[in-house]
Every structure is written in structure tokens, then in C-alpha cells.
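> What follows is a protein structure lacking sequence information:
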């Protein structure tokens, strides 16, 4: 199982069926440097227009429609000492009549100290003079080529992943995507040094990162929506508007997972989810909103043999 | 500051302006036994029809429109060794075409062991034979009389609180409600032994509880929506459909809170929320859905003098 | 079948169970003068605070829960030569980021010429100098007391009717409301000289009207939501957010109507609705939005005997 | 201005940037035969898999990003004597708990009589024995390639048009689409012999049609969303979920149109829309719902010179 280094010379603003930048085997690792959501690289040099330029795609040998691609996020290292955010809440997360009162959506700069593991505003803001946040790296946008020859802007998300902006997609998490084209065609980019739930300012702290991933296949594991796993939890992801529909997608996907892989009946899966489920909000800023449905592994029975 | 015992002889299926069952002073405590969501008491005797019969209302001397009522949840003790749930996910939390496949929404019985602090299914269900959940008491429905002489069913929620079914409303939390009528007229009931996010089976483990609360006033603290506080966090609650709108209400209320009480500008409040906000889902079953917007106190500046 | 004149001396800002202002028999007519949405009467004198002060309630002898109240709108005559509107679109009907650019929501005055049957702006506005609209009277808010002792603000709507702001509720239409309390307790007010779909400026041309209605009972006709009828059409009304849910309520109510009263199977009702249904938008401004589901009578089979 | 005949030998299930099947000049007409939503041609022969196979794309010489493509629908002639529908309402248009009771979504056959101008069920259904509907042809899915290299399934719709399923897109209507790629790349298909609002059975009467169109350019007419025009009306189209957001898009587009082309201020445009706007519902079945915002030309001032 080799480790590859992907050094992009071109980027993509859609997740779609385009020629691969790298081909890897099932189980290989990849190290790559991402540029930020606006297209600036680790030197602050503009390399590609936004939204969210993607590295890739990576062709995984043997991936076929009907498989799942497992993406283990091994490491995310900031490679720039600064990041940026929008300075004001997005219009769609406050009461509509209150939008009139919002200040302009300027950009703000942040300082990222990788050694100290901290993130803080560059210019002091009254009341936040002492705010020092923990570095909490996450991938804002990643996923695979969608079905049917579709291609989706990296500003949004769908069954194939994309711009989900979920802070749980950081080191220690394995994401699973439904493969729709040969080779899966995996894309990634748009890394954040930290981000609250919902990406409600319209950004996390946008920066450049070196990311190390392991890509492997789960043959024949048909997924309806992206899934994920950490040491302690399993989760599913729905991407849609309104949030109600994103929640329906995520809940249905978890319901199916519990029945197929853990051998639960519809009633048993309902009992379990009804009393232990947790929801987390990915983005509520992009065209499709993201809702995560999570269950702690300690409540799960032993998986059934497939 | 006295402690009162409220022993209801009648209950209410609305939160509205009705004659008080008890009058207390600012800062007094109340101990009361609630009946379950279906109206059965601690002996399993049917006492009142559903939905969610409420104890109260409690008139708090000195409460006036424009004040906030603080409700400190001191203790919740199960007073029945059993509870019940719906056995199947609610139709509105799965993909619509999948509703065709759901089994009937029967009732299931659960055993509550207050001494051991556990909750488990009464009848074994395949795959969940070993599921023993921690007792995690919460108040499903509580709040005050709404404005204008309105009266809302205890099946739903609004600016005045109501059936929010948020698992964070347990011991250690103080909830704040906007007072709209003299005396505030506080109601409570519908306690759960445990419940997952969203109340997605349509119930938590519904049971009877003895609840101890302290009721106190925050004079002139105008709230738009319910708020809450724990040792480590502050939070706000929006009740509406779709979830997107509930989230807008909760976010706007938090935004206002940060500006009014912590002296932050709109930009500073946006910076803070953008990177540290957490959302939690109350119910996604009732006519109004519930979204909670939460911030850890460790990120907050010192409150300004009011 | 008598004709009564109701001359209010007090008004209501909720639809709820309050003492009746008038008692009538099944089939009686009522003539009454309404005040405008802000509470000004035909002389422009402020009589009652908003929102939408209601005349009534009217107790209809013999009405019981499980009946429907038919409200035939016989005549609506403007009794004031002026009306008013908000001058700018409501924030919730434009794209959220565009709300920043909207001008302030001032009031504008309109001239109502009952003899000519016209409505026009009082102050000329560039580009609309020649705009003369037809008088098209409608009742913005009417309905009956809801179930359970609930009481709802006249700013919103629900199963019992309320502030639906549907321009189809004018002379020639009969509305049907589900009776939930003895006597039905019918309220009305908030008349408009004209209004576009959606009430997207937040008002129609708000004014005072003399309204003539006939109130009659349909014993045992259980409704889930308001219904209506004109010479050529039948329609149902759903009140909820988002519009998707209002549409679900209205469609389900029409589906039930076609099966119960016209003897259609679920498949036949689906065929008919699928190819001939029309939707119309009531308000998209109030807390609950309103969607109307309509079918032309020419497509309907003969009603079955009940 | 030539008339071209486009005889497809391949079809597309996405609207995207693919090689053109035909190149025409600004102002040229095109006659082409479409196959039905499931891919069957005028002989009932399966030619291409669904969803909604598209003829095209047609490259319009001179079309550049920032232009609008005008598509005048001149004629739609059924070329098959039968069509089909789904026999039951879609799950997402009825109340969720009611989905349990819906019968299976079988297919039903319809007879299309082009000479008589009628459409009727092939197999008699109780209560609908005498139902003979007027032929009312419309294009379910048409539009242009989207921006950024995106490609969208013909099951959904967006800023570039697509599967809007609006019954107003029939002969006599001119649709306008925002051009995002050189040549515009126009696609069409999925014609219906008749369809109610909302496409709530999930289909109209799906059939094959011969369609005659004229394609012309409006240079530099930047559109945010599709627009349309008939002899008496202008309209705009929003595609999104929930319907509330589709309505926001359509209303904002109309607001912009009135200000840019008719010289109205924001206040004047608000006055006009507030009192005369009409909304019509396109599909409420597909991933993106469709709302139409319409104004009658008789209310409009003279357009300003551009």
C-alpha cells in the first residue's frame, strides 16, 4: 500500500467526470496540499478562481458503481500562518427582517499557529481581545463524481458529498462515499482551521493545508448518502434544503445502515434511534444544507456478517 | 424563599391564561409530580386526556410582561417504574416514499430503574437484548402563557416555550421564558426518562416524575425566544417549521444576547458564533420543530453591567 | 332565516373561546362593519389595537364539534374612501441577501372609489401614474374557535382558519370551517379592497367594509382544514410553513373530499388531481403560509349521497 | 432565418456542456420529435433510458455568457396516440402519516386524440368514466447548459431551467434562459399532453411530441433565473426547495425585471407586485420545486429603452 504525493497544477470547481490527476490502488495513501476556498495557495498566491477549488480527481483502481469509497483522514497540517473569514453572519441564518441591520460582509484575517495549535483574529475586536481558539482542522468540501454524468459546483453538496462543511470531517474520521463512476474520482479541498456548526458566517477559517488520506474500497456497499465513522461513533449525512429534508435523508440512511449491517428490524432500529440518536448541523449556508445523524458505537449490537 | 408543593387536581392541554393553581414569590421553589404525556399518573391511573397534560399554572408574584421567568431545574426523580414509547420512527423524519414501508406505530413499554439509574425495554427485541440506557430525565413541555390572550396546545411550541422536547432541559439547566401576562403563569409536564435528539419516534420514554424547580424573575429582561443556561453553556431556542426557521429564530436570539449582555458588536458576535456555535435539535416531530443555538461560556467575554 | 346586524363595541385579536357578541340560527344572515387591520374604523378613528381586530364571535345555535360551518360571502362593500398598504416587499419573499437593499417599510395611502369600483395610489409614484386597479374585496382573516381551548393570534392561521389572506375569499365564495366548540364561534375582519397573491407587501389595501354573510351548518361534516366553493370550483386550504407543508395539508384535504363526497378511489382521485388540480397561494407573509388546492366542478363526478 | 429539423440519434440525461447535435443561427427555427420521459419514441420503441432523455443540445451561434436565449414555443403536436402517468399521488404531496395508506404507484395508460384535441384514460376508472380532458401540450424539461462546467440531471431544475414541469410552457409562450456557455447549448424533451399544477402524481400524460421552436438571442440580458412571456403576461421562474425559496427566487427575479426594464423604483415595483402578482406552481415532485411569479402586461408601464 503505497503513499502518493499529489501536486496539482490545475484545480476543479465542480465534482464531475473529468480526467484524473492521479491513479492509486485500493488502500493507498495520498498526501496533498490544498489551496483555500478563494483559490490562494500556501504562499498567498492566487492559483485558481473560487468557489472552493478542488485537488484531484484521484482515480482508485477497481472502484465501480455500487461500491463505497472509504476516505480515512489521517492528518491535516496547516501550511500557512493565516486564514480568513467573512466578518458577518450570513443573511439566511437570521430572521429575514433583521437582515436589514446586518453590517457589510467584509473579510477578516486570522492568525494560525500550527505549533501552538491555536487560531485567533489578526486585528483586535472589542470583547474578543482574549479569544484564542483551538486549531480544529476539517475538510469543507470533498467527495466523488456523481452519477449520470452530472457535475456539481463545489459551492453545494449532494449524494456524492461536496461542500458539506461539517466540522466532524477532520483527522480520525473515515468518510464513505457512494461510487457512481469507474475509479470513483475523488476530489478534495476547502480546508478550515476551525469552524462552528452551520458555517453561519459563510466560512470557517479558510486556509491551505497539507492533508494525508487513505483511500480504500468497500466493494458492493451501496450507499444512498455519505457516511462516516470515528473511534466511538457512526454517522450519516444528508444534503438538501430545507434542513428537514437533509434530516430525513440522513435518518433514512442511518435506519438502513442499522438494519443492513447490524441486523436490526425496523422496530429495533426505531427504538435505538428514538432514544440515542444525535444530530449535528453541517452547513446552513450553501444551496444544500447538511444534517448529520450520529449513533455512538457503545449502543450498537455486533455487526452481522455481510 | 419558600418551597411549595403543588398537587394538581386538574390539568391543562394548552398553555394559556387560565386561573392559577398555585401562587409563589420570586425565588420560591416548587415540588410537583407530573403525569405522563398520555395522562397516566405514577400509579398508571388515567387522570386526564392527552396531549401532554400540564401541571399549573403557577403565578409568580411580581412577574410582568417584559420580564423573564427563570426556571431552575433542580431535581427530576422518576416516580414510576415504567414508561412507554412509540415503537416506530415518525413519518416526517424519513424520506416520504419510505413511509410506505414503516411498520404500525405501536406502543412499547420500558422499565425505569431509578436506583440503578437505568432505562431498558420491557420486552426483548432482537439485537437490543443488552441495551441498558442511562436515566437522563428531561422536561418535554414547559413554558408560560403566551401574549395577546393566545393559548397553544401542549402538542406544539412557540415563543413562550411549550412542547420543545429538548433533552437539554434536565437537572442543572435553568430555562428562561419571556413573560407576557401578569404572574407569568408557568406550566410543566410531559417528562421523559430519556430521549434522543429530535424525539424522532414521536416520544421519549414517557413517564411520571417528581420535579423540583426554582422560579425567579429577571425584571425587564425582554426575550424574543426561550433561553437557557448550564454551568458551562448558554443557549437559545427557536420553535418553528421548517428547521431552517427555528434555526433563524435561535440564532437571532443568541446574536441579540451576545450584543446586549456581552457588549459585542454585530461583527464581534458574528466572529464568535461563526467559529464556536453549536446547534442541537429539539423535537422534529411536533407541529413546530425546535432548534437550540449554544455557546460555551469559556468563549464569552465578561457580561456588561445592565 | 333572519338577517342580523352585528355592531361591535369590542374586538378580538385572537380566535378563541370567548363570550359571543351575537347568537344566530342555522341559515341566518349577518351584516356587519369591519374595521381595518390596524384597528381604524370607517371614519379613520382608531378603535382597537392590531393585529387584525375581529368582529364577533358569532354563536350559531346547534353547531357542535364535528360539524362544518358554511360561511357564504354575499356582499362586501367598502365603507371608507381610503385604504393603506406597506410600501415595500416583505423580507421573507425575496432572496435573503437582497433584504439588505430594500427601502424602509413605510405606509402608503390608496383611494378606494366604491362607485367606480376602483383602487389607486393616493400619491403618484413614477411609472404607476396610470395604475387604476379594480376593486376586488376579500376577507383577510376569518374563522372559528379552535379545539382544546386554544386561541390563536389573528396574525396567523391554522386548521380553524384565521389570517389566510387568500384573495379567493370574496363575494360569491362559500367557506367551510371545522367546528370545534359549541356554537362554532365565528370571527371576521381584516378586509382588503384588493390584494395580490401571497400578500407579499405584508398587506392588501387595508380598509373598512360592510360585509353580508350567511352562516349555516353542515352537520357531521368533519373537516381537517378549511374548504371553499364557488359557482365553478371547489377548493381546500392548508395553513403551515413551509409552503410545502401547507400544500400537503390542502392536497390531503382535497384527496379526502374527492373520496368521501364524490366516491372516488385513491387511484381515481389521484388521476383527477394529477391532471386538473390548480394551486393558488394565500399569504406567504404571516407565521403560517397558506396554500389553496382547487378543482373545477366540470371535472367532478356527481356527488354520492352521504 | 432558416428552419432546421433535428433528428436525434442520441439523447442526454443531463443538461451540461456536451457536443452539440445541431448548430443554428440567432432567429432560426427548429422542428424536432421528442421521446417520452421514460425514453419511448413515437412508435413506443424504447430508445434511451430515463430520466427525461433530452434532444440536443443545440448550439446557437453568437450566444455568449451574459446573454439570454429566447425560446419561442410555436407548436407542439402529439405524435403518438397514447401516453402514461403514475396512478397515485407522490408521497411528498400528502401529509406524511397518510403515505402509509397510499396504493402502489402503478402506471396508467391514456389515449391522446390529436384531431379531437382530447386526452382520456384508456381503462375505465369508477367515477371518471366520462372524464375527457383537453389536450394541453407543454414541455416538461428544457433549458441550457449551466455555468462552471456543471451538469444537472434532467430529473431536477436550477437557474438554467431543466425539469420545471410548468404547464405554462406550451405553445404561445416564449421562455428565456440565462446563457452560461458559448452557444447556449439548448436541450428539450419530456413533453406532456396535459398536466395539473405541481405534477403531483409524479408525471403529466407522458408522450412523444413534434415541437417547433424559434431560438433567438437577447444580447447582454443577464438573467438570474428563467423568465417567460405570453401575449398577456410576463413571468419568472424559481427552482429550489422548499417552495418558499423557489418563491423568493422567482419574486426577486421579477422585482429586478420591473426595476431594470420598466424603470420602476423598489417602492413602485413593490406596490405593483403587492396588489397584482400571481403565483403558479410548477412541479412539487422533483428534487427542486418550481414556483412561477406572474404579472399581467396590462398593469405594466411602457418598458424603458435599454
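All right, it came through fine. Here the structure is a predicted model, which means the values were calculated and not measured.
> my guess is residue A:246 meets residue A:236, correct?
No. Residue A:246 is beyond contact range of residue A:236, at 10.7 Å (criterion: C-beta atoms under 8 Å). For glycine as for every other residue, the C-beta is placed from the backbone atoms N, C-alpha and C.
> Just list whatever residues bridge to residue A:22.
Applying DSSP bridges to residue A:22 gives these bridge partners: residue A:58.
> Ignore what I typed, I meant residue A:29.
Under the criterion DSSP bridges, residue A:29 forms beta bridges with residue A:3, residue A:214.
> how far away is it from residue B:65?
Noted for residue A:29: a distance of 63 Å to residue B:65, by C-beta to C-beta, to the nearest Å.
> which of those two has more neighbours?
Set residue A:29 next to residue B:65 and count neighbours by other C-beta atoms under 10 Å in any protein chain shown: residue A:29 wins out with 18 against 12.
> I figured that one hits residue A:2, correct?
Yes. In this structure residue A:29 lies within contact range of residue A:2 using C-beta under 8 Å: 7.3 Å.
> Kindly report the residues of the stretch 101-250 of chain A close to chain D.
Counting by C-beta under 8 Å from any C-beta of the partner chain, the stretch 101-250 of chain A comes close to chain D at A:148-153, A:240-242, A:245.
> Most widely separated two among those residues?
A:149 and A:242 (27.9 Å; C-beta to C-beta).
> tell me which residues of stretch A:289-306 are tucked away?
Across stretch A:289-306, burial judged by 16 or more other C-beta atoms under 10 Å in any protein chain shown covers A:289-295, A:299-301.
> out of the residues of the stretch 101-250 of chain A next to chain D, which are inside strands?
A:152-153, A:240 (DSSP state E).
> Top of those residues by number of neighbours, please.
The residue in these with the most neighbours, by other C-beta under 10 Å, is residue A:152 (27 neighbours).
> quick one: contacts for that residue?
By C-beta atoms under 8 Å, 6 or more residues apart in numbering or on different chains, the contact set of residue A:152 is A:14-16, A:146, A:158, A:160, A:162, D:150, D:152.
> Can you give me the distance of it to chain B?
Distance of residue A:152 to chain B, given as C-beta to the nearest C-beta, to the nearest Å: 20 Å.
> and residue A:272, backbone torsions?
phi -70, psi -50 (degrees, to the nearest 10).
> go on, the one 3 residues further on?
Comment: the main-chain dihedrals of residue A:275 come out as phi -110, psi -10, following degrees, to the nearest 10.
> same thing with residue A:256?
Residue torsions, per degrees, to the nearest 10, at residue A:256 are phi -60, psi -40.
> Next, count neighbours for it.
Per other C-beta under 10 Å, the neighbour tally for residue A:256 reads 18.
> where along the stretch 51-200 of chain A do the strands fall?
A:54-60, A:68-78, A:82-86, A:107-113, A:118-121, A:133-134, A:138-144, A:152-153, A:157-158, A:161-163, A:174-178, A:186-192 (DSSP state E, counting those that start in this stretch).
> dump the residue contacts of the spatially most distant residue from the centre of chain A.
Most distant from the centre of chain A: residue A:126, at 32.1 Å, with distances by C-alpha atoms, centre = their mean. By C-beta under 8 Å, 6+ apart, the residues touching residue A:126 are B:263-265, B:268.
> Any regions of chain A where pLDDT drops low?
Along chain A, the parts satisfying pLDDT under 70 run over A:306.
> now, among the buried residues of stretch A:289-306, which is nearest to chain B?
The closest of the buried residues of stretch A:289-306 to chain B turns out to be residue A:301 (C-beta to the nearest C-beta; 4.4 Å).
> these two touch, right, the closest one and residue A:263?
Yes. Here residue A:301 lies in contact with residue A:263, judged by C-beta under 8 Å, at a distance of 6.8 Å.
> what sits in contact with each of these two?
residue B:127.
> which of the residues in stretch A:151-161 are buried?
By 16+ other C-beta under 10 Å, the buried positions in stretch A:151-161 come out as A:151-161.
> so how far is it off the chain centroid?
11 Å (C-alpha atoms, centre = their mean, to the nearest Å).
> Ok, stretch A:145-158 next?
14 Å.
> Between the two ends of it, what distance do you get?
Terminal residues of stretch A:145-158 lie 10 Å apart, using C-alpha to C-alpha, to the nearest Å.
> For residue A:246 and residue A:236, indicate the residue with more neighbours.
residue A:246 (30 against 26).
> ok, that one - contacts?
Neighbour list for residue A:246: A:238-240, A:288-291 [criterion: C-beta under 8 Å, 6+ apart].
> what's the answer for residue A:177, then?
Taking C-beta under 8 Å, 6+ apart, we find residue A:177 in contact with A:68-69, A:71, A:143-144, A:160-161, A:184, A:186, A:223, A:226.
> For residue A:202, grab the count of nearby residues.
22.
> Quick check: beta-bridge partners of the residue in chain A positioned nearest to chain D?
In chain A, no residue comes nearer to chain D than residue A:151, which is 4.3 Å away by C-beta to the nearest C-beta. Using DSSP bridges, the beta-bridge partners of residue A:151 come out as residue D:151.
> Would you enumerate the residues in contact with it?
Contact analysis of residue A:151 by C-beta under 8 Å, 6+ apart lists A:14-18, A:145, D:16, D:149-151.
> Pull up the residues of chain A that are close to chain C.
Near chain C, when you scan chain A using C-beta under 8 Å from any C-beta, you find A:90-92, A:96-97, A:99-100, A:102, A:242.
> which of those sit farthest apart?
Farthest pair in the residues of chain A next to chain C, by C-beta to C-beta: A:100 and A:242, 22.9 Å.
> These two - which one has more neighbours?
Shown here are residue A:100 and residue A:242; by other C-beta under 10 Å, residue A:242 has more neighbours (26 against 15).
> Can you identify each of the helices in the stretch 201-306 of chain A by residue range?
In the stretch 201-306 of chain A, the helices defined using DSSP state H, counting those that start in this stretch lie at A:243-262, A:266-276.
> Need the strands of the stretch 51-200 of chain A in TSV (columns: distance to residue C:121).
Below are these laid out as TSV (distance: least, C-beta to C-beta, whole Å):
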stretch	distance to residue C:121
strand A:54-60	53
strand A:68-78	59
strand A:82-86	40
strand A:107-113	43
strand A:118-121	50
strand A:133-134	54
strand A:138-144	49
strand A:152-153	43
strand A:157-158	46
strand A:161-163	45
strand A:174-178	56
strand A:186-192	50
